[in-house]
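structure, please.
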Amino acid sequence: MSDYRHISLNIVDDICVVRLLDNRIVDDINIYELGTELFSLVEQGGYTKILLNFSDVGFLSSAALGKLIMLYKKIAVRNGMLKLSNIAPDIRELFTIMNLDRIFDIRPEEADALASF
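Model (predicted):
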């Protein structure tokens with residue numbers, strides 16, 4: 001699991017806590033690689049409870065949001081849960097404008113999100 005470039009993992013009980021490492025998630029190849037890494041957590045790793053920590057992310061593109069929606073669907077099919085935390089106000093506003101805050105369970109801090117599983 002150490003061959004990830006865009007994420008770092010920490011397993012807490014049966015929850016896969018994923019820290020997104022890129023400050024700007026905008027480049028097509030990086031978005032593709034990030035998606036591949038995230039999807040592998042579900043498809044190969046078998047994780048159905050995933051928490052994405054955005055504390056290092058300052059900007060992300062709409063293409064990156066598409067990958068998050070795909071991840072949400074992959075987890076939902078397996079009756080799992082995806083939660084997001086530590087999202088910067090500007091990015092949080094983007095989620096609200098696009099009504100994605102109705103899809104994603106967004107918590108202010110990682111500890112809040114972990115407690116909500």
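
how many neighbours does the closest residue to Asp14 other than its chain neighbours have?
Distance criterion CB to CB, 6 or more residues apart in numbering; nearest residue to Asp14, sequence neighbours excluded, is Lys49 at 5.8 Å. Heads up, the C-betas are built off the backbone N, CA and C, glycines and all. Lys49 has 18 neighbours, counted by other CB atoms under 10 Å.

Met81 versus Lys49, what's the distance?
The gap separating Lys49 from Met81 is 5 Å, by CB to CB, to the nearest Å.

joint contacts of those two?
Phe117 (CB atoms under 8 Å, 6 or more residues apart in numbering).

mind jotting down where the strands sit in the protein?
Applying DSSP state E to the chain gives strands spanning 7-12, 15-20, 24-25, 49-53, 59-60, 81-85, 105-107.

how about these in TSV, adding mean pLDDT and distance to Leu41?
Formatted as TSV, those follow (pLDDT from 0 to 100; distance: least, CB to CB, whole Å):
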stretch	mean pLDDT	distance to Leu41
strand 7-12	97	8
strand 15-20	98	6
strand 24-25	95	17
strand 49-53	98	6
strand 59-60	94	18
strand 81-85	98	10
strand 105-107	97	17
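
where's Leu21 relative to Ile103, distance?
24 Å.

equivalent analysis for Asp28, please.
Distance of Asp28 to Ile103, computed by CB to CB: 23 Å.

then Arg78?
Looking at Arg78 against Ile103, where the rule is CB to CB, the gap reads 16 Å.

shaky segments in the protein?
Within the chain, the stretches falling below the threshold (pLDDT under 70) are 1-2.

re earlier: now the strands of the chain as a markdown table including distance to Glu93?
Rendered in a markdown table, the data for these read as follows (distance: least, CB to CB, whole Å):
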| stretch | distance to Glu93 |
| --- | --- |
| strand 7-12 | 24 |
| strand 15-20 | 18 |
| strand 24-25 | 16 |
| strand 49-53 | 18 |
| strand 59-60 | 12 |
| strand 81-85 | 14 |
| strand 105-107 | 12 |
